[in-house]
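Enquirer: Model the following, please.
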Amino acid sequence: MRIPNSTYRIQFSSEFPFKSAEKIVGYLAKLGITELYASPIFKAKSGSTHGYDVVDPTQINPELGGQAAFDQLVSKLQSYQLGWLQDIVPNHMSYDANNLYLMDVLENGSDSDYVQYFDLAWNSPFGSSQEPILAPLLGDFYGSCLENGDIQIQYDQNGLTVNYYSLKIPLKLESYSTFIASNLGKLAKSLGRRHPDFVKLLAVLFVLRSLPSESGGKQRQDQSEFVKGMLWELYESNSEVKAFIDDNIRFFNGEAGNPRSVDLLDKLLSEQFFRLSYWKVGAEEINYRRFFTVNELISVKVEELKVFNETHNFLSQMVEQGKFTGLRIDHIDGLYNPKEYLDRLKEKNPEAYIVAEKILQPGEDIPKNWNIQGTSGYDYLNYLNSVFCDVENEKEFDKIYQMIQERSLDFEQVALEKKHLILDKNLAGDLDNLAALLKDISLKDRYGNDFTINGLKRAIAEVLTQFSIYRTYTTEAGVSESDRTYIQTAIETARENAPFSQKELDFLEKVLLLDYDNSLIQTDKDKWLYFAMRVQQYTGPLMAKGVEDTAFYVYNRLISLNEVGGDPGRFGISAAEFHQFNQYRQQHWHTAMNASSTHDTKRGEDIRARLNVLSEIPDEWQAQLQKWRDLNSEHKVRGKRGHMPSANDEYAFYQTILGAYPFQESEMPGFVDRIEQCAIKSIREAKVHTAWLRPNQPYEEACSNFVKAILNSDRFLTEFLPFQQKIAHYGLFNSLSQTLIKLTSPGIPDIYQGAELWDLSLVDPDNRRPVDFELRASFLDEIQASTDRLSLIQKLLATRQTGQIKQFLITQVLKLRNQYASTFLNGDYLPLEVTGKFKNHIIAFARKDSEKTIVTIAPRFFSHLIQVEQLPIAEIWEDTAISLPGTSWRDAIADIEHNGEAVFVKDILKYCSIALLHD
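Expert: This is a model prediction of the structure:
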């Protein structure tokens, strides 16, 4: 297995295809990267900007350049000895016309060869349904779309399809009979009943009307090919047949604004294996599993061995050929049986480095029986971020936030409320499906026989919202002890909150814990297990949508803590807790990834580094807030429910602007638009005053106007910028420290595209903006051309706003990391003792094996150390000292020597704010 030494995440798209990546391979190698870490590159929905909407996992995305360009990029990477870590999407595919597997299902129904590919009500092992598969992809009510002419049938070589903008779904074969029979007499008169082509058309009609009720597999495929082939041949060769079909198309499509003219089309659509509907219908009547609450992403039944093999064979070929050296699994918690999936994946790709996108809550660990190298790094990200938040000032921030809100706000309560909201508004249909399954199970139990569907639904909802983790991992092997604790805790809390559902909760607990009654036959036990494993697939989406995508936009005490996998209710962590985390990580998961910015983070790493400075200065922050609120009150609008924006949203806007404000004037164009778009996304995600499902236009306009007004106000900017520049100054040194720690902690450091300079990106799609690699390459050339290290550091600190100092740091650390890869990978993690006046301002640790000792020294809490524009170096550290595990050292950053076991920080940090010593 090739273990990466570092990874660099690339977001591929048609704007940045393989050829663009090929141009930066040399740059990445010079930076010190060992692995290109690629967003999904398999064929995706046309125009995809992220690749997660896969339509065909068996071919390279042609919009990125296709197989040839991919192979050329791989060849270039290999010439520089770089590997390729590939992000894969086993859980879902795009609900799209180019998803030929899904289109085959929608055309052929249960007779399709691919019906087992997707997680449909049709193929549920218990309580399967024959209702048409919902297609909740319309922008308005079905009737309105139909009568407005937005829904049309079309005909081409592939047959008849129903079309709604880019959506194109084939009609079932039986519908051709209705279509051809309409107005057939007119064609008979013009062409003649004995005309060979008319006879052929009658033959097609005869075949259609003679279709057996059940004709699956090869037989149905042959019939379909005959009908479509013959019809197209007639259409192409006979002008009158062509005119007949074209006229029928117009006839069925009717006239926009004439409701009666689309009756035939309405009837035709009602007979299909799918049902077109308004996208909001999906929340309540969904009959397929989705990715979270996204209708456009339909889940795959990868637990079926045939489906696993057919969707992973091409991937495994890439691994066998050495083109992929590692795999990153997206949304592993969406899978029915993650352990089984990982075992199959490892068996198929035994030499691949494999990590999973797994969100871990504080105190939670990856199941020890998972055959992977670790997570993709969100757990590390939050520990790293939290150690730069001053835990001593939590009460002061509570007071500030209570003053803003005019009430006390508890994060756990907010999260609970928002999970209930998501269940009620976005996952209602999924909850109904679970309740129906549990109702069926309860009918076999004498104590459950009287349970109503609504009573069971209330019980399930209460328990789902009480899970403190993303999911448990019950399988046919049983319930692990740790999972048993999580389940029982959720049930107990639910009992306290739902006193009238005690019996239902007792029964639900038995089922989730697989506490089988002796009287149950194996089929009933299988049904219990299926229900328990099904529930597990919904706790993750509920946590993600209820907490990360809703509560995180409501609870704004300090938004640097509102990050994927984080807990905003925990106001930072101590240095001791951070060290404990790293020691455990080195012992158990030293090959996991260390992330700081990703495609999913709510804000870039350097925004968080800035905002964490606020945790150090609550009094000054409160004073500034009051000034800004008073100054900008004239830009707020009085609405029916109070001022717009609300105090809470205004508070979040100030933090966002403070964190994202550019270092340089040249970066200002487009900034106001970026903040405005981020603001609208934030308030919609919060679902308090507006929402994606029901936009509140007056409120959104008020927020947009507020953002534009304050950012174009000289009065506000005059008051805002001095404080912002102060925070940016301290945040800059936070950034350097967190970068050094990430690169030297146990785990594999990952750099998100462009983040080798300052990463002031906002939530997606802002973090997918184009990266100026030419600038970064020129910066790196300047760094590597320098022969005087101390003069270079002095220059980079003087021009620190460019971010070149961060790039320099990364280059120097990765150089040492590549030189002593074994020490960083396998060396012990040793926290180091710091003494003196500013001992709490230093994070210091050693990585040590039998060959080498490497020491990281990274300061924090700079606002108590230096004034604005002052550098955190030399004498400001006074008597602060570090006990080192050796006596002779060289700093890989400043390239100078230090001697002694107890070294003063003022001597180590004489020229730069961080140090990386090695013996």
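Enquirer: For the rest of this, base every contact and every neighbour count on C-alpha atoms.
Expert: Will do.
Enquirer: what's the helix or strand for residue 627?
Expert: Assigned by DSSP states H and E, residue 627 belongs to helix 618-632.
Enquirer: and the helix or strand just after that helix, how far out from the chain's middle?
Expert: Next in sequence after helix 618-632, counting helices and strands by DSSP H and E, comes strand 637-639. Mean-position distance between strand 637-639 and its chain equals 35 Å (Cα atoms, centre = their mean, to the nearest Å).
Enquirer: what do you get for stretch 168-185?
Expert: Mean-position distance between stretch 168-185 and its chain equals 42 Å (Cα atoms, centre = their mean).
Enquirer: Got the confidence number for residue 212?
Expert: Residue 212 is assigned 75 on the pLDDT scale.
Enquirer: before we move on, what SS does it have?
Expert: coil (DSSP: H, G, I helix; E, B strand; the rest coil).
Enquirer: Flag the shaky bits of the stretch 51-200 of the chain, pLDDT-wise.
Expert: Within the stretch 51-200 of the chain, no stretch has pLDDT under 70.
Enquirer: Which stretches in it count as helices?
Expert: For the stretch 51-200 of the chain, the helices defined by DSSP state H, counting those that start in this stretch occupy 66-79, 100-108, 142-147, 175-181, 184-191, 196-209.
Enquirer: now, of the ones you listed, which is deepest in the fold?
Expert: helix 100-108 (a mean of 21; mean count of other Cα atoms under 10 Å).
Enquirer: ranges for the helices of the stretch 601-750 of the chain?
Expert: For the stretch 601-750 of the chain, applying DSSP H, counting those that start in this stretch gives helices covering 605-611, 618-632, 647-660, 671-686, 697-711, 714-744.
Enquirer: Next, the angle helix 714-744 makes with the helix or strand where residue 856 lies.
Expert: Residue 856 belongs to strand 853-859 when assigned by DSSP H and E. Interaxial angle of strand 853-859 relative to helix 714-744 (axes from the mean of the first three to the mean of the last three Cα atoms, to 10 degrees): 170 degrees.
Enquirer: show me the contacts for the closest residue to residue 291 other than its chain neighbours.
Expert: Distances taken as Cα to Cα, 6 or more residues apart in numbering put residue 297 closest to residue 291, at 5.6 Å, once the chain neighbours are dropped. Residue 297 sits next to 53, 92, 93, 94, 95, 290, 291 when contact means Cα atoms under 8 Å, 6 or more residues apart in numbering.
Enquirer: Residue 771: which of these is nearest?
Expert: Using Cα to Cα, residue 53 comes nearest to residue 771 of the contacts of residue 297, at 22.6 Å.
Enquirer: Give me the domain ranges for the protein.
Expert: By the assignment in automatic domain parsing, the chain contains the domains 7-91+302-376, 100-291, 410-516.
Enquirer: For residue 846, which three-state class applies?
Expert: strand.
Enquirer: mind checking which of the domains of the chain is nearest residue 790?
Expert: Set against residue 790 and scored by Cα to Cα, the domains of the chain come closest in domain 7-91+302-376, at 19.7 Å.
Enquirer: Now the terminal residues of the closest one, how far apart.
Expert: 11 Å (Cα to Cα, to the nearest Å).
Enquirer: hang on, the earlier thing: could the domains of the chain be laid out in TSV, adding distance to residue 804?
Expert: Shown next, in TSV, are those (distance: least, Cα to Cα, whole Å):
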stretch	distance to residue 804
domain 7-91+302-376	12
domain 100-291	39
domain 410-516	38
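Enquirer: Please name whichever of those is nearest to residue 555.
Expert: Comparing the domains of the chain against residue 555 with Cα to Cα, the closest turns out to be domain 410-516 (6.4 Å).
Enquirer: Average pLDDT for that closest one, rounded please.
Expert: Average pLDDT, domain 410-516: 96.
Enquirer: same check, this time on stretch 584-599
Expert: In this model, stretch 584-599 has a mean pLDDT of 98.
Enquirer: and residue 906, helix, strand or coil?
Expert: Under three-state DSSP, residue 906 falls in the helix class.
Enquirer: From one end of stretch 884-894 to the other, what's the distance?
Expert: End-to-end distance for stretch 884-894: 18 Å, by Cα to Cα.
Enquirer: For that stretch, what is the distance to the chain centroid?
Expert: On the basis of Cα atoms, centre = their mean, stretch 884-894 is displaced by 40 Å from the centre of the chain it belongs to.
Enquirer: Which residues outside it are in contact with it?
Expert: Under Cα under 8 Å, 6+ apart, the answer for stretch 884-894 is 789-790, 793, 809, 812-813, 816, 832, 846, 853, 855, 896-903, 911-912, 914-919.
Enquirer: any idea how far the most centrally placed residue in the chain is from residue 305?
Expert: Centrality entry for the chain: nearest residue to the mean C-alpha point is residue 600, 4.7 Å, by Cα atoms, centre = their mean. Distance, residue 600 to residue 305, by Cα to Cα: 30 Å.
Enquirer: Please save the CA atoms from the host helix or strand of the residue nearest to residue 291 in PDB.
Expert: Assessed by DSSP H and E, residue 297 sits inside strand 294-299. The C-alpha trace of strand 294-299 is given here as PDB (Å, rounded to 0.1, in the frame of the first residue of the first chain):
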ATOM      1  CA  VAL A 294     -31.900  16.000  -2.500                       C
ATOM      2  CA  ASN A 295     -34.500  14.700  -5.000                       C
ATOM      3  CA  GLU A 296     -32.000  14.900  -7.800                       C
ATOM      4  CA  LEU A 297     -29.700  12.300  -6.200                       C
ATOM      5  CA  ILE A 298     -31.200   8.800  -6.100                       C
ATOM      6  CA  SER A 299     -29.600   6.200  -3.800                       C
END
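Enquirer: May I see the helices of the stretch 601-750 of the chain arranged in JSON lines, with distance to residue 154 and mean pLDDT as well?
Expert: JSON lines is the format used below for the helices of the stretch 601-750 of the chain (distance: least, Cα to Cα, whole Å; pLDDT from 0 to 100):
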{"stretch": "helix 605-611", "distance to residue 154": "49", "mean pLDDT": "98"}
{"stretch": "helix 618-632", "distance to residue 154": "55", "mean pLDDT": "98"}
{"stretch": "helix 647-660", "distance to residue 154": "47", "mean pLDDT": "98"}
{"stretch": "helix 671-686", "distance to residue 154": "36", "mean pLDDT": "98"}
{"stretch": "helix 697-711", "distance to residue 154": "36", "mean pLDDT": "97"}
{"stretch": "helix 714-744", "distance to residue 154": "55", "mean pLDDT": "98"}
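Enquirer: Tell me who's in contact with the nearest residue to residue 817 once chain neighbours are set aside.
Expert: Nearest non-adjacent residue to residue 817, counting by Cα to Cα, 6+ apart: residue 824, 6.6 Å away. Residue 824 is in contact with 744, 745, 746, 817, 847, counting by Cα under 8 Å, 6+ apart.
Enquirer: element containing residue 824, please.
Expert: Secondary structure (DSSP H and E) places residue 824 in helix 821-826.
Enquirer: how about the strands in the stretch 451-600 of the chain?
Expert: Taking DSSP state E, counting those that start in this stretch as the criterion, the stretch 451-600 of the chain carries its strands at 593-594.
Enquirer: can you give me the helices in it?
Expert: 453-466, 481-497, 502-512, 522-543, 575-588.
Enquirer: that older thread, tell me the strands beside the strand holding residue 297, with direction?
Expert: In the sheet, strand 294-299 lines up against strand 92-94 (antiparallel), strand 290-291 (antiparallel) (DSSP bridges).
Enquirer: Nearest to residue 258 among the ones you listed would be which one?
Expert: Smallest distance to residue 258 across the strands paired with strand 294-299 (Cα to Cα): 33.5 Å, for strand 92-94.
Enquirer: avg pLDDT for the next helix or strand after the helix holding residue 824?
Expert: Using DSSP H and E, the helix or strand that follows helix 821-826 in sequence is strand 828-831. Across strand 828-831, pLDDT averages out at 98.
Enquirer: likewise stretch 748-759?
Expert: 98.
Enquirer: Let's see the distance spanning it from one end to the other.
Expert: Taking Cα to Cα, the first and last residues of stretch 748-759 lie 20 Å apart.
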